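> here are the coordinates; sequence isn't available:
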């Protein structure tokens, strides 16, 4: 069972890195091409819309990636001053609340996707159904919630303090 989770984790990691890398590259290339086109020819009519789509994908795929790699914003001054026992307690509280709010936001995002689908909203230039674009918001929030749950489980299983399922605490306890 553990090997299945490890394989799934590697696939998810590969997908997230691919989407983030490709998304940033495509966003930069599109914006540069649009600046050149605007100065010499005509602006690319769909550049703003595709840029918005790429930013949404980068943001919400990056959310799960940041949680899994412990690269999210955190207030470490108090946390780092605590002994490992209290760090674990704080991690349980923080990860628990964070997971709850990620799942809550995923639920609200899902309701928004359903509404967007029922109202048949489409993007203005490419006429893509809007719900297809924003479904990544649901997936991103839900995946981040799963990563916080994994952080709690990792801290239950392991003796050491883990900031995320893949990132151990950076500081050693002073002895």
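Happy to help now that I have it. A quick note: this is a predicted structure, and the numbers were derived from the prediction, not measured.

> only C-alpha atoms for contact and neighbour calcs from this point on.
Noted.

> Poorly predicted segments of this protein, please.
Across the chain, the stretches falling below the confidence threshold (pLDDT under 70) are 1-2, 73-75, 165, 167, 170-175.

> So for it, the centremost residue is which one?
residue 63 (1.6 Å; Cα atoms, centre = their mean).

> you'd agree residue 19 is up against residue 61?
Yes - counting by Cα atoms under 8 Å, a contact exists between residue 19 and residue 61, whose distance comes to 7.4 Å.

> what about the two, which has more around it?
When residue 19 and residue 61 are compared on other Cα atoms under 10 Å, the one with more neighbours turns out to be residue 61, at 23 against 17.

> give me the element the more buried one is part of.
Assigning secondary structure by DSSP states H and E places residue 61 in helix 47-68.

> Was I right to think residue 58 contacts residue 18?
No - in this structure, residue 58 is not within contact of residue 18 by Cα under 8 Å, at 10.5 Å.

> quick one: which of these two has more around it?
Using other Cα under 10 Å, the more surrounded residue of residue 58 and residue 18 is residue 58, with 21 against 12.

> Check which helices and strands the helix of greatest length in the chain sits against.
Assignment by DSSP state H gives helix 2-40 as the longest helix of the chain. If contacts are counted by 3 or more Cα pairs under 8 Å, 6 or more residues apart in numbering; DSSP states H and E, helix 2-40 sits against helix 47-68.

> Next, residue 129: phi, psi?
Residue 129 has phi and psi values of phi -60, psi 130 when expressed as degrees, to the nearest 10.

> Skip the chain neighbours and tell me the closest residue to it.
When the adjacent residues along the chain are set aside, residue 129 lies closest to residue 122, with 4.2 Å between them (Cα to Cα, 6 or more residues apart in numbering).

> and if you look at residue 109?
Using Cα to Cα, 6+ apart and skipping residues adjacent in sequence, the residue nearest residue 109 is residue 138, 5.4 Å away.

> Quick check: the one you found is in a strand.
No - Residue 138 sits outside any strand when classified using DSSP: H, G, I helix; E, B strand; the rest coil, being helix.
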